[in-house]
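Student: Any chance you can model this:
(2 chains)
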Amino acid sequence: MVTISEVASRKVLAMLKAENRTDAALRMAIEGRGPGGFQYNLRFVKPEEQAADDVVMDAGGFRVIIDAASAPNLQGATLDYVEGPEGSGFRFDNPNPVWTDPKAAAVQKVLDDEINPAVAQHGGFVTLLDVKDDVVYIALGGGCQGCGMVDVTLKQGIEVRIREAVPEITRIVDRTDHAGGTNPYYQPSKGGHSPLV
Amino acid sequence: MHRLLLIVTTASYRAGAFLEAAGRLGVPVVVGSERPLALAAANPQGSLTLDPAAVDPAVREVVGFAARHPIGAVVAADDDGVILAATAAAALGLRHATVNAVAAARDKHRMREILAASGIPSPRFARLPIAGDPREAARRVGFPCVLKPLALSASRGVMRADDEPQLMAAFERLARLLSRPEVAAQGGAAARHVLLESYIPGVEVALEGLLSGGRLRVLALFDKPDPLEGPVFEETIYVTPSRLPIPAQQAIATATAEVAGALGLDEGPIHAELRMNEQGPWMIEIAPRSIGGLCSRTLRFGAGVSLEELILRHALGLEIESYERERGAAGVMMIPIPRAGVLRAASGQAQAREVAGIEEIRITVPIGQEVVPLPEGARYLGFIFARGQTPQSVEDALRAAHHRLAFDIAPPPAARGGGEATPEPQRRAQRW
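Tutor: Sure thing, here's the model as predicted:
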């Protein structure tokens, strides 16, 4: 299923010992996809926090729990731990394609090639969450999260480009928690006074 | 179908509602904004960079664009864009209020001059430079009076003074606000003057209307059940339909139509604020645009049509099935900022949503950001929306939901020194 490198295994065991949680399991999941590929979530959980359809493996000294939805996309992946001048941390080497659905792959390409480089100028980014029944689900982050002009970005930019590139797409749904944005690029004010006027 | 040019600033609350309405109508939109949009290059036909302070070059840009991509209507979402919208619409020969009428409504002093000259009941008023001494003007206007900045809107900078010491304190405070670089740049010459008006007692209402060929259709009349008696004028609750007697409501509608006529406003949305007392209705302000903030969410017409769809249908010359607001009552609370500081947390939203009648709660200031109350502040903490059988039930729901919200506001950073103490407006007996 997933290969744990020796370095990663030693690091996990050391962390469990340091936290005095030697009975805990390592839960891994894919929680999204971004310009850099899959976005992973790693956390320690209690042994009983295991669902019936989870994939469980013994990593030698600790257990790994993988949720069912993430398992196919983690097949053959390797978890490593790297240290270097730019920081240290766990890293996945994953041979699986980010999207197997060609429509999702096409939408991701639009986001990677056009949308994200542009919104990055405003400190923002767009993550493709899923494509189901020709509906695209996205989440906006950074400067886009809670931005006063996010509807314009969505309807006049993201929707237009995705529909042009993948005409079968019928709808784009924004799943962002905009109230949770902490640094929106544009912020509304009483009277809608332009900051430039 | 020809395009809609939607002029909207990057500080607007209104873009989403208009774009949603345009989407329902299937109308392609070009958004005109003062700054380039993040995805302008991805959809060049979808946006224009238009500086509303530089109207002539902006209109040339619009006319050039329209030659390639025909425009069928121009609508401004906010105050800053209305003169540009009127000028662009005139250049393209489209349905819109005239530039002169819109400009008169935008200039609070010019509006007062026109209304007074037209014999419309008006407060005594005087325009004076912020660098001057207000005492002479106050003697002519009389106490109590209200100081209004010409360059700002939404009650920002508006203060009541009952005597000379209060006047001088308010005037100095307003001068400091208007001298801030961002405000001075925003207001230009208008930021160097203020308007002094005699205070008009009475209950305040807001009228949302649509003008067509000079005929006013009242879309909604909102009561403002919290007293607006100073020292600052923080708008909180709007509830419609009004609980004023029908003759009073009719008088308000008639007065609004007269004011619009005197100014020359004949097409498009208007948002008017009036006071009603034993002498009748008094126009406080009239703006050639629709209601601000997110407040339009309270309004639905006919079979659920939004205010924005109604406005776009009118501008595009499309059929409007009904101007009738839905049955039942609706309201919004613009959540006031209780004190200056840094917003650390907003809690109680789940409990507030459980209040019967509450439809939505939106906190619009991000956690970690500085909040400033009136008269200096320019933002709302957020909005609470409610619907119910009666205006009273809606008002009760809004108050109950607000009571369940808690805002953790840390003291402002001392280095900034911007947080002046604002007297808490006294909550007096409800009068509705």
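Student: where does the chain have low pLDDT?
Tutor: Let's take chain A. Residues of chain A that meet the criterion pLDDT under 70 lie in A:35, A:190-197.
Student: if you could check chain B rather than the one you did, that'd help
Tutor: Checking chain B against pLDDT under 70 turns up B:185-188, B:414-432.
Student: Now do the domain split for it, please.
Tutor: B:3-104, B:124-198, B:328-432 (automatic domain parsing).
Student: just the strands in the stretch 251-400 of chain B please.
Tutor: Taking DSSP state E, counting those that start in this stretch as the test, the strands found in the stretch 251-400 of chain B are B:268-277, B:280-287, B:300-301, B:305-306, B:329-335, B:341-347, B:358-363, B:370-371, B:382-388.
Student: brain fart, the stretch 51-200 of chain B
Tutor: For the stretch 51-200 of chain B, the strands defined by DSSP E, counting those that start in this stretch occupy B:71-76, B:125-129, B:145-149, B:159-161, B:193-198.
Student: Dump the domains of chain B to TSV, plus distance to B:His271.
Tutor: Every C-beta, even on glycine, is put in place using the N, C-alpha and C of the backbone. Formatted as TSV, the domains of chain B follow (distance: least, C-beta to C-beta, whole Å):
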stretch	distance to B:His271
domain B:3-104	10
domain B:124-198	10
domain B:328-432	14
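Student: could you redo the ones you listed as TSV and give each row distance to A:Arg91 and mean neighbour count?
Tutor: Listed next are those as TSV, based on distance: least, C-beta to C-beta, whole Å; neighbours: other C-beta atoms under 10 Å in any protein chain shown:
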stretch	distance to A:Arg91	mean neighbour count
domain B:3-104	30	21
domain B:124-198	45	18
domain B:328-432	31	17
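Student: quick one: which of those is nearest B:Gln249?
Tutor: Closest approach to B:Gln249 among these is made by domain B:328-432 (12.5 Å; C-beta to C-beta).
Student: Show me how far that closest one is from its chain's centre.
Tutor: 17 Å (C-alpha atoms, centre = their mean, to the nearest Å).
Student: before we move on, back to that, tell me which of the strands of the stretch 251-400 of chain B sits nearest to A:Leu42.
Tutor: strand B:341-347 (28.1 Å).
Student: and the closest one with strand B:358-363, angle?
Tutor: 140 degrees (axes from the mean of the first three to the mean of the last three C-alpha atoms, to 10 degrees).
Student: Spell out which strands sit alongside strand B:341-347 in the sheet and which way each one runs.
Tutor: Paired with strand B:341-347 in the same sheet, following DSSP bridges, are strand B:370-371 (antiparallel), strand B:406-410 (antiparallel).
Student: which one of the ones you listed lies closest to A:Gly61?
Tutor: strand B:406-410 (43.5 Å).
Student: Adding distance to A:Gln156, write the strands of the stretch 51-200 of chain B out as JSON lines.
Tutor: As requested, the strands of the stretch 51-200 of chain B are exported to JSON lines (distance: least, C-beta to C-beta, whole Å):
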{"stretch": "strand B:71-76", "distance to A:Gln156": "15"}
{"stretch": "strand B:125-129", "distance to A:Gln156": "40"}
{"stretch": "strand B:145-149", "distance to A:Gln156": "33"}
{"stretch": "strand B:159-161", "distance to A:Gln156": "40"}
{"stretch": "strand B:193-198", "distance to A:Gln156": "37"}
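Student: Tell me which of those strands sits nearest to chain A.
Tutor: Chain A sits nearest to strand B:71-76 of all these, at 9.5 Å, using C-beta to the nearest C-beta.
Student: now what about the closest one, what contacts it?
Tutor: B:1-8, B:18, B:27, B:30, B:62, B:65, B:82, B:84-86, B:88-89, B:92, B:94-96, B:268, B:289, B:311-312, B:315-317 (C-beta atoms under 8 Å, 6 or more residues apart in numbering or on different chains).
Student: Pull up the pairing partners for that strand, direction included.
Tutor: strand B:3-7 (parallel).
Student: With adjacent residues omitted, what lies nearest to the closest residue to chain B within chain A?
Tutor: Chain B sits closest to A:Gly157 of chain A, with a gap of 2.7 Å, by C-beta to the nearest C-beta. Spatial nearest neighbour of A:Gly157, chain neighbours left out: B:Leu39 (2.7 Å); criterion: C-beta to C-beta, 6 or more residues apart in numbering or on different chains.
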